[in-house]
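>>> Structure of the sequence below:
(one chain, ligands or ions: 1)
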Amino acid sequence: MKGQDILSEIASTSSGEFYTPLPKGYKPGKTKYVVVTGSVISGVGKGTISSSLCKLLNDRGMKVEPIKLEAYLNVDSGTLNPFRHGEVFVLDDGSETDLDLGTYERALDKNLRGENFVTSGKIYQRIIEKERTGKYLGRDVQFIPHVTGEIKLVLRKLAMETKADVIPIEIGGTVGDYENMFALEALRELKYEEGTENVCFINITYILEPNSLGEQKSKAAQLGIKRLLAMGIQPGIIVCRSQTKLKESIREKMSLYINIAKENVFGVHDVSNIYGLPLVLRKKGFDEAVLKELKIEKKFKANGNTALKEWTKKTSMQGKAKPVLIAIAGKYTGSSDAYISILKALEHCSFKLNKPVKAKWIDTTGLEGKKDLLKKQMKGVNGVIVPGGFGTRGVEGKIAMAKYCRENNIPYLGLCLGFQIALIEFARNVLNLKDANSTEFDSKTGNPVVCLLPEQRKIEGLGGNMRLGGRDVEVIGGTIASKLHSNAKKIRRRFRHRFECNPDYIKQFEEKGIVFSGKAPKVPIMQILEMPKHKFMMATQYHPELTSRPLHPDELFLEFVKKSAE
Ligand code: GLN
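Numbers count the residues shown, from 1 in each chain. Take a look at the predicted model:
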């Protein structure tokens, strides 16, 4: 039976085992699905390969709508600790997602939506809601077909709404995790229902190369993928990640054990420049193989590699100069994933300026009152970023850092919390309000220069009071910010915060030299500050790093790096 027939049969059965909720008017085959799973270990670049594939398909003129299925039970990433799970990436529509969505947005150079990110928690929440409102008509609600049905529904809705040519689906975690089993089962069903030529499974696996042996070993990869086979899923393509170039013999073994053609086993060994990966994969015939599996290689032909070559050239850094050293003065410093978008934004600047940029972590937790230590840490540093953050720990160290930068004319870029820190520091040391603080850190301070705004206070008790997502920022003419944004009157940036500059202090700040060069339209909410007398002292209540793209670095980041390099 073809996908169309199977689905018609399902649609005509109102009860029974063929429960698959379908969006109205859904026709299989219009949108193709590519499922990307990982085996053996996580962290070997499943997201990078998926996003490279998105780029390759997009390059062929296809409309690509990636979706990430996360296994965890949180409804979104908003409550996750970034030092455990990586940065919380905020989309324009306010969704708080996994950092992979950032990777996709940067690769495709387009904004994604909450629909492009689904957690198990979100799926279960919908099911419980349906159950509580009697939508299952007296049936017992089961993993199969209800949970799997919900997952397929989410995918098909995305396909219909966006009219995508292809939906790459990245499954979080690795094959064998309990949490993602039912997602894999849903996708097995999807392939059965849509028809073989409409769904392609890719597995990203890892070939071990133990130091003690000095040779590549494929057993773990075979066993990892066997788990997929045992679930009834035959991958069409395998990508073998490895430290060194994949051996031909390993490719042959994988082909034999997993029953796929040798041409569909791809080797990708560690590369230093991930931006070059799409072109590397193109040359290996990777996207061609995917389209062949989906039988659309003739419909979406690659028009040469000119655009990809251009991209690779523009995203590589030829400059051999001494790197610009940027300190990131954060709370924790163990995991760079927690600040991944900041690192990417710096990288985008380095492409544009053709100058290497190096990041240095400075943990501000122990810096308070330790001038000498701070001075020592700042040796060789050309500029400082104070990133976003929550909670009291490390805050006094950050304030000390802002003071040091202001007094020593060192470029300072404050992001969200870094904006608030600049205000507190200035209030304490220039306005002479010694107890100035944010009510986040001292609810009883006599000078709450940063606080919750009245309208925010009203919803405080209700939870969900964070200002989230894309908003317009009015840029005030005649300011540095205005010049950097080519005199644009309005820009759109992303927010994730509760506290803001207290309007009662605006006048005092301005009298002593702070210029508020960006504001929220119609309300006295300050969103960009600058100190024109300083080499570069700017900060934003928004997160410019979230909208910086490889070929269009954020304007403030770019100027910050430029000034730091001087
Ligand atoms: N904690 C601050 C606030 O909630 C800053 C948040 C942030 O940096 N993302 O306003």
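>>> Distance-wise, check K398 relative to L53.
Distance of K398 to L53, given as C-beta to C-beta, to the nearest Å: 40 Å. Quick note: C-beta positions are derived from backbone N, CA and C, even for glycine.
>>> Which positions in this protein make contact with the ligand?
Taking C-beta under 6 Å from any ligand atom as the criterion, the neighbours of the ligand within the chain are 388-390, 416-417, 440, 496-499.
>>> helix/strand/coil for T445?
When the structure is split into helix, strand and coil by DSSP: H, G, I helix; E, B strand; the rest coil, T445 lands in coil.
>>> just checking, it touches L433?
No: with contact taken as C-beta atoms under 8 Å, T445 and L433 are classed as non-touching, separated by 9.3 Å.
>>> State the distance from the residue of the stretch 151-300 of the chain found nearest the ligand to V475.
Ranking the residues of the stretch 151-300 of the chain by distance to the ligand (C-beta to the nearest ligand atom) places G172 first, at 23.7 Å. Between G172 and V475 the computed distance is 38 Å (C-beta to C-beta).
>>> next one: K27
Taken as C-beta to C-beta, the spacing of K27 relative to V475 amounts to 46 Å.
>>> give me phi/psi at E500?
With angles defined as degrees, to the nearest 10, E500 sits at phi -150, psi 170.
>>> One more: the one 4 residues further on?
Dihedral pair for D504: phi -60, psi -20, per degrees, to the nearest 10.
>>> repeat for I328
Recorded main-chain torsions at I328 are phi -110, psi 110, according to degrees, to the nearest 10.
>>> Run through the bridge partners of it.
The partner list for I328 in beta bridges (DSSP bridges) reads W361, I385.
>>> what's the distance between it and E194?
45 Å.
>>> in stretch 266-275, what counts as buried?
Applying a neighbour-count criterion of 16 or more other C-beta atoms under 10 Å, the buried positions in stretch 266-275 are 266-268, 274-275.
>>> Pull the residues that contact it.
Taking contacts as C-beta atoms under 8 Å, 6 or more residues apart in numbering, the residues outside stretch 266-275 that touch it are 45, 48-49, 52, 237-246, 250-251, 277, 280-281, 284, 286, 289, 311-312, 315-316, 550.
>>> you'd agree E65 is up against A164?
Yes: using C-beta under 8 Å, E65 is in contact with A164, at 3.9 Å.
>>> next structured bit after the helix or strand bottoming out on mean pLDDT in the chain?
Each helix and strand of the chain was given a mean pLDDT (mean pLDDT, DSSP states H and E); the minimum falls on helix 454-459 at a mean of 63. For helix 454-459, the succeeding helix or strand toward the C-terminus, using DSSP states H and E, is strand 467-475.
>>> Within the helices and strands, which one has L373?
For L373, the element it lies in under DSSP H and E is helix 371-377.
>>> What mean pLDDT does that helix get?
Along helix 371-377, the predicted confidence averages to a pLDDT of 92.
>>> What are the buried residues along it?
Of the residues in helix 371-377, those with enough neighbours to count as buried (16+ other C-beta under 10 Å) are 374, 377.
>>> what do you get for stretch 66-79?
Taking 16+ other C-beta under 10 Å as the neighbour-count basis, stretch 66-79 is seen to contain the buried residues 66-72, 75-78.
>>> about what we covered before: neighbour count for E65 and A164, which is higher?
E65 (26 against 20; other C-beta atoms under 10 Å).
>>> check which helix or strand covers F419.
Using DSSP H and E, the secondary-structure element containing F419 is helix 417-429.
>>> Ok, L343 next?
For L343, the element it lies in under DSSP H and E is helix 340-353.
>>> quick one: that helix to chain centroid distance?
Using C-alpha atoms, centre = their mean, to the nearest Å, the mean C-alpha position of helix 340-353 is found 14 Å from that of the whole chain.
>>> That helix: which residues count as buried?
Buried residues in helix 340-353, defined by neighbour count with 16+ other C-beta under 10 Å: 340-353.
>>> Excluding chain neighbours, what is closest to the residue of the stretch 151-300 of the chain closest to the ligand?
Distance criterion C-beta to C-beta, 6 or more residues apart in numbering; nearest residue to G172, sequence neighbours excluded, is E70 at 4.3 Å.
>>> Just give me the closest of the buried residues of stretch 66-79 to the ligand.
Of all the buried residues of stretch 66-79, the one with the least separation from the ligand (C-beta to the nearest ligand atom) is G78, at 11.3 Å.
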